[in-house]
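A.B. asks: Please work out how this folds:
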Amino acid sequence: MTVTIDLVADLGESFGAWTMGDDDALLDVLTSANVACGFHAGDPRTMDATVRGCVARGIGIGAHPSFPDLAGFGRRAMDLTADEVRTDVLYQLGALHAFATAHGTSLSHLAPHGRLGNLVATRADYACAVVDAVEAFDPRLIVLAQDGELADHARARGLRVAIVAIVDRAYRADGTLVPRSEAGAVIHDRDALVARTVQMVTEGVVEAVDGTRIPIEADTVLLHGDGADAVGNARAIREALVRAGVVIAPVAEVLEARAEKESASCPA
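C.D. replies: Alright, predicted model coming up:
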């Protein structure tokens, strides 16, 4: 049976005169983009240019909300209340929505960034806060998440969920990511990245740092765009998936294809 997968990366993470990654080159590889909304990175000019580039290539545009942590790139824990998380996420959705509207399109999904993205997998209060924001803004948005609290709460509210496979980050046996502060948390070897991506997508498993094979039913593959070899890695991963017979498509199409398969497999 044909496997369909979305390829997404975090884009629009430049700020002012400071540039992060080669977004233009990555846009030629991706089918979806998580766009920074100004809290961990991004600014109005960067957001405008990123949305314009996505529209020109037919790429799905998603909000990438964060803790309000420009200095720490959204990777530091902050002692926010659940209501602060809700209103911060809603604010960032609104900011990106303005640029999407200006370019004649709409948002397709939401994917929390950095430390917020890690915490919503384990903290029910933060997960509920993000779901509250999505429901209030547009319940048609797809929630991109790892397995955990955010995915569970979004499904319970009737929202569509796409599970993310993070190919360049090491996993623990419980399915959580190895913190960046620990050695080996980020995988740089291109051959290893390609092999583990193909295994995740075609076999539905990822090997944890202790050798445990963890099941993962991914709908989208996250390709980080902030490394020196990011574009080359992304191209190699896409080419390997195509050679393996995988269909590359935006996340909304992936979920539609999955729903059709599940419907066809159900007995009449």
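A.B. asks: residues in contact with the residue nearest to R123 when sequence neighbours are not counted?
C.D. replies: Nearest residue to R123, sequence neighbours excluded (C-beta to C-beta, 6 or more residues apart in numbering): E149, at 6.3 Å. For glycine as for every other residue, the C-beta is placed from the backbone atoms N, C-alpha and C. The neighbours of E149, taking C-beta atoms under 8 Å, 6 or more residues apart in numbering as the test, are V120, A121, T122, R123, A124, Y126, A127.
A.B. asks: Where does pLDDT dip in this structure?
C.D. replies: Where the chain drops to pLDDT under 70, the residues are 1, 265-268.
A.B. asks: middle-most residue in it, spatially?
C.D. replies: A111 (5.0 Å; C-alpha atoms, centre = their mean).
A.B. asks: quick one, phi/psi of that residue?
C.D. replies: phi -140, psi 110 (degrees, to the nearest 10).
A.B. asks: same deal with V186?
C.D. replies: phi -110, psi 130.
A.B. asks: bridging residues for it?
C.D. replies: Counting by DSSP bridges, V186 forms beta bridges with R169.
A.B. asks: my read: it touches L177, true?
C.D. replies: No: V186 lies out of contact with L177 (C-beta atoms under 8 Å); the separation is 9.8 Å.
A.B. asks: who has more neighbours, those two?
C.D. replies: L177 (17 against 14; other C-beta atoms under 10 Å).
A.B. asks: so who does that one touch?
C.D. replies: Contacts of L177 (C-beta under 8 Å, 6+ apart): N118, Q146, I166, R169, A170, Y171, A185.
A.B. asks: Apply 7 Å and report the result again.
C.D. replies: Contacts for L177 (C-beta atoms under 7 Å, 6 or more residues apart in numbering) come out as N118, I166, R169, Y171.
A.B. asks: same question, Y171
C.D. replies: Contact analysis of Y171 by C-beta under 7 Å, 6+ apart lists L177, V178, V206, A208, V209, I214.
A.B. asks: Alpha carbons only: can I get the longest helix anywhere in the chain in PDB?
C.D. replies: With DSSP state H setting the assignment, residue counts place helix 82-102 as the longest helix in the chain. Extracted in PDB, the C-alpha atoms of helix 82-102 (Å, rounded to 0.1, in the frame of the first residue of the first chain):
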ATOM      1  CA  ALA A  82      -1.900  28.200  31.000                       C
ATOM      2  CA  ASP A  83      -3.900  31.300  30.200                       C
ATOM      3  CA  GLU A  84      -0.700  33.100  29.200                       C
ATOM      4  CA  VAL A  85       0.200  30.200  26.900                       C
ATOM      5  CA  ARG A  86      -3.400  30.400  25.400                       C
ATOM      6  CA  THR A  87      -3.300  34.100  24.700                       C
ATOM      7  CA  ASP A  88       0.300  34.100  23.400                       C
ATOM      8  CA  VAL A  89      -0.500  31.300  20.900                       C
ATOM      9  CA  LEU A  90      -3.700  33.100  19.900                       C
ATOM     10  CA  TYR A  91      -1.700  36.400  19.400                       C
ATOM     11  CA  GLN A  92       0.800  34.600  17.200                       C
ATOM     12  CA  LEU A  93      -1.800  32.900  15.100                       C
ATOM     13  CA  GLY A  94      -3.400  36.300  14.500                       C
ATOM     14  CA  ALA A  95      -0.100  37.800  13.400                       C
ATOM     15  CA  LEU A  96       0.600  35.100  10.800                       C
ATOM     16  CA  HIS A  97      -3.000  35.000   9.700                       C
ATOM     17  CA  ALA A  98      -2.700  38.700   8.700                       C
ATOM     18  CA  PHE A  99       0.100  37.900   6.300                       C
ATOM     19  CA  ALA A 100      -1.700  34.900   4.900                       C
ATOM     20  CA  THR A 101      -4.800  36.900   4.200                       C
ATOM     21  CA  ALA A 102      -2.700  39.700   2.600                       C
END
